[in-house]
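Peer 1: Can you look at this prediction? I've put the sequence above it.
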Amino acid sequence: MFLASTGCRRGEALGLRWHDLSLDGEQPRASIRQTVTKVGGRTVVGTTKTNQGRRLPVLNTQLVDDLRAHRRRQSEQRLLLGAGWRDNDLVFPNHVGEAQPPETVSRVFRELVDKAGLPPIRLHDLRHGWATLALQAGIHPKVVQERLGHATIAITLGTYSHVAPAMHEGAAEQVAEIMRPRSVDVR
């Protein structure tokens, strides 16, 4: 749900820490500051790809509720493991609190998709789905670029240019409606 609701990359979600989340207030946010990758066979926590990768996406209400429930379940897991839990403050750690290998999350996602009887989709398709739906909903491309952490708007527009034809369909009528003369009562 986190990936589908935010458009974040897999590694960014895996690097998310509880202290990076602000779940209270008018605009709950996630502070994307670090990422988990695989380097030389080792799972490594590092910085985001670009400065634009460091961002503060706003979280929707349902996701905030889901994260709170996830935190409660994680706290129960910590209590069960006691000294066996490695407290790295990660929101989505493995079963002992350490950073998960990114490919493990992708594998588990594929298994869940298969088990649900859905057509094959990649975990990264959740990111593409978020961006496509946002653009189709009329969200300004600059906002989409910033939410995705793309270095430039050109990357966003180039990657999601397939959405543009559908957006063109209503553009002529929408602008015409705005420009249509209104009758004015001059009495």
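Peer 2: Received, thanks.
Peer 1: what residues are up against the closest residue to Arg9 other than its chain neighbours?
Peer 2: Leaving out its chain neighbours, the residue that sits closest to Arg9 by CB to CB, 6 or more residues apart in numbering is Arg127, at 6.4 Å. All C-beta spots, glycine's among them, are computed from the backbone N, C-alpha and C. Taking CB atoms under 8 Å, 6 or more residues apart in numbering, we find Arg127 in contact with Leu3, Gly7, Cys8, Arg9, Leu148.
Peer 1: let's see it at 7 Å
Peer 2: Listed by CB atoms under 7 Å, 6 or more residues apart in numbering, the contact partners of Arg127 are Leu3, Gly7, Arg9.
Peer 1: Name the residues linked to Lys38 by a beta bridge.
Peer 2: Beta bridges link Lys38 to Thr43 when assigned by DSSP bridges.
Peer 1: Test for you: state the pLDDT assigned to it.
Peer 2: pLDDT, Lys38: 93.
Peer 1: burial count for it?
Peer 2: Using other CB atoms under 10 Å, Lys38 is surrounded by 13 other residues.
Peer 1: Surely it and Gln100 touch.
Peer 2: No. Lys38 is not in contact with Gln100 according to CB atoms under 7 Å; the separation is 10.5 Å.
Peer 1: Verify the assumption that the residue nearest to Arg9 is located in a strand.
Peer 2: No. Assessed by DSSP: H, G, I helix; E, B strand; the rest coil, Arg127 does not belong to a strand; its assignment is helix.
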